[in-house]
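Colleague: please find the sequence and the predicted model below.
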Amino acid sequence: MRILHTAAEFFPFVKAGGLGDVVGALPRALREIGLSSRILLPGFPALKAGIPPRRLIRTWDDLMGGGPARLLQGRMEDGLSVYLLDSPFFDRPGGPYDEWGDSHRKFAAFSWAAAHLALEGDGAGWHPQILHCHDWQTALAPVYLSKELSRPRTLLTIHNLAYQGVYPAGVMAELWLDPQLFHMHGVEYYGHLSFLKGGLQFADRISTVSPTYAREIQTPDFGEGLDGVLRDRATDVVGILNGVDESVWNPSQSPHLGAHYDSRLLSGKKVDKNLLQQEMGLEELPDAPLFGVISRLAPQKGLDLVLSNVDYLVSLGAQLVVLGSGDPLLETGFRTLAGRYPGRVAIHLGFNEGLAHRILAGADVLLMPSRQEPCGLTQMYALRYGALPLVRRTGGLADTVVDTCEATLAEGSATGFTFEDPNSWILGETLGRAVRLYREDPRTWLKVQRRGMRQDLGWHAAARHYRDLYASML
C-alpha cells in the first residue's frame, strides 16, 4: 500500500507538541512493516535546511494569494521520502503556528497542495492510495478532493479536537472553496468556516490517538461542539493508541543523561536523580520522593490542581521539579512556590528537550492530572524511564496507566497511579498514596517500576492497526 502523510510538524525539525513526535515516527514504522509511506510537510526553514530538496515536482504562480510556490522532494538519511511545499507562507521566523494574519490561507494552501499531490502523484510514478491527514491544518484536503471521481481514499487523524481552525465565513472565496460547501453538512460551523469540521465531514475515515478518546469525543463533555458530527459518523471513527519512538526515548542510550540504566539494573537512575537535583538547585536528598512535571502549563493539563497541592507535597518530604510554560497565572504560581520552598521546588520556564529526558530519568513520579488528554506521550516516556506516572483517568492516560492497588498488584498489572475526579482533594489523596508506597514498600515500588519499563510501547502495534485500517478503506 502507498500512504501519503501530511502534517504541520515533524520531529526533530519542527515540533510544538506530541504531533511532531507522532509524525516523525509513524511513517517510518509503516515502512518497517512493508508499506510505501511518504510525507508532505510545509517548507519551514528548519525543514528545508534539514532535508535539502533534490527534485522539483511542480510550481504555482500564486498559491492561495501567498505568491509563487514550489512542490519539492527530498529524502532523509534513512530513505524516507519527504515532500516540501516551498511558499512565502512558511518562510518566516518563529513557530509553525505563529499568527501573521493569514493562517487560514497558509494552511488552506498546504491542504490544496496535499490534495493535488495525492490526486496527481509526484511525477515520478508514485501515486498514493491513501492520503493520511493529521489535525486541522491539513483537514481541508479531503474537502478539496470531495468532488473528484477518481481520487485516493482519505483518513483524518484528530490529535486534539480542541484545535479546529475556525475562521469567518467570508474567507471561503480566498481559500478556493465552492460556496455550495457552506452548509451544516459541509464546512459551516455556527456561521463560521471550520477546517476540522470540513475534514470530519468529507474524510472517508476518522481516527483518534487512543481508544478512550475516540469514545469521549462523541460526548458533549469532550466533543468541543463537534460531538454530533462524530456521533453521526461513529461507524467511521476508530481510536489507535500512539507509540513511543524507542530509539529516542531510551534510558539505556539517551545522550542527554549522565548515567544510563535499564529495567534490569536501575542504579543509574539514582545517579540521574542526584544530577537532576544538582542541576535544578534542589537539596540532594536520595530518599525524598521526587515528582516531575513536563507540560504546557494550562488548566486543561490539571496543573492548577498540582499548584494547590505543592504545600502538601513539601509537607510529605517530597520534591517537585516543573518544566514548561503557558498560562501566566500558573507560571507565577509555580515561581512563587519555588521561591517559598528553595531546595524543594524548582521550575524551568520554557521547553528544553535534554532537560525533559533528565527529569524523566531523575524523577520517581511523573504528574499528568489532565482534565483532558487525547493520548499523551509523556506518561509513556515516563514508563520507559522508570518514573511512575500519576494521571487522571481520561483519554490515552486511561489506556496506558494501570492504578497500583491491592487487586492490580495481585494480578501483576499495576504501572502507576490513577484517579477519577479532577479536584485538588482527590489528587492530594493520590499523591499521598504514591509517597506512602515509595517510603514504606520499596520492593513493591521496584516491581511496579520494572513492569512499566518492560512494556512494549513502541510503534509496531500502532503501525499494524493503521495497516489494517488502510486495508479496510481500500
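Modeller: Everything's here; your move. Just so it is clear, the model here is predicted, and its values are computed rather than measured.

Colleague: what about the helices in the stretch 301-450 of the chain?
Modeller: Remark: helices assigned in the stretch 301-450 of the chain by DSSP state H, counting those that start in this stretch are 303-307, 310-315, 328-340, 353-362, 378-385, 395-400, 406-411, 424-440, 442-453.

Colleague: what residues sit buried inside the last one?
Modeller: The reference is to helix 442-453. Using 16 or more other Cβ atoms under 10 Å as the test for burial, helix 442-453 gives 445, 448-449, 451-453. In this view, the C-beta of every residue, glycine as well, is placed from N, C-alpha and C.

Colleague: dump those to CSV, plus distance to Val238 and pLDDT.
Modeller: Listed next are these as CSV, based on distance: Cβ to Cβ, whole Å; pLDDT from 0 to 100:
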residue, distance to Val238, pLDDT
Trp445, 36, 98
Val448, 31, 98
Gln449, 32, 97
Arg451, 28, 97
Gly452, 26, 97
Met453, 29, 97
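
Colleague: before we move on, what SS does Leu149 have?
Modeller: coil (DSSP: H, G, I helix; E, B strand; the rest coil).

Colleague: any figure for the gap between it and Arg439?
Modeller: Applying Cβ to Cβ, to the nearest Å, the value for Leu149 to Arg439 is 67 Å.

Colleague: what does Leu427 give?
Modeller: From Leu427 across to Arg439, the span is 19 Å (Cβ to Cβ).

Colleague: so what pairs up with the residue nearest to Asn352 when sequence neighbours are not counted in the strands?
Modeller: Once flanking residues are discounted, Asn352 sits nearest to Leu323: 6.7 Å by Cβ to Cβ, 6 or more residues apart in numbering. Residues found in beta-bridge contact with Leu323 (criterion: DSSP bridges) are Ile294, His348.

Colleague: could you count how many residues lie near Leu323?
Modeller: When counting by other Cβ atoms under 10 Å, one arrives at 21 neighbours for Leu323.

Colleague: so who does it touch?
Modeller: 292-295, 347-348, 351-352, 355-356, 359 (Cβ atoms under 8 Å, 6 or more residues apart in numbering).

Colleague: the helix or strand harbouring Leu155 packs against which elements?
Modeller: In the assignment (DSSP states H and E), Leu155 maps to strand 153-158. Judged by 3 or more Cβ pairs under 8 Å, 6 or more residues apart in numbering; DSSP states H and E, strand 153-158 is in contact with strand 130-134, helix 140-145, helix 195-202, strand 205-208, helix 460-473.

Colleague: how close does the residue nearest to Asn352 sit to Gly50?
Modeller: According to Cβ to Cβ, Leu323 and Gly50 sit 25 Å apart.

Colleague: do the same with Arg231
Modeller: Counting by Cβ to Cβ - Arg231 and Gly50 are separated by 41 Å.

Colleague: cool, Thr138 as well?
Modeller: For Thr138 relative to Gly50 (Cβ to Cβ), the value is 20 Å.

Colleague: same thing with Asp245?
Modeller: Taking Cβ to Cβ, one finds Asp245 at 17 Å from Gly50.

Colleague: cool, His465 as well?
Modeller: Relative to Gly50, and taking Cβ to Cβ, His465 is found at 29 Å.

Colleague: same question for Gly324.
Modeller: 25 Å.

Colleague: these two - which one has more neighbours?
Modeller: Remark: of Gly324 and Gly50, Gly324 carries more neighbours, 22 against 15, as counted by other Cβ under 10 Å.

Colleague: what sits against the more buried one?
Modeller: 293-297, 303, 349-351.

Colleague: 7 Å instead, please
Modeller: By Cβ atoms under 7 Å, 6 or more residues apart in numbering, Gly324 lies in contact with 293-297, 351.

Colleague: hmm, which of these are the buried ones?
Modeller: Buried among those (16+ other Cβ under 10 Å): 293-295, 297, 351.

Colleague: closest one to Pro45 out of the residues you listed, please.
Modeller: Of all the buried ones among the contacts of Gly324, Pro45 sits closest to Phe351, with 19.2 Å by Cβ to Cβ.

Colleague: how about that closest one, what does it touch?
Modeller: Taking Cβ under 7 Å, 6+ apart, we find Phe351 in contact with 323-325.
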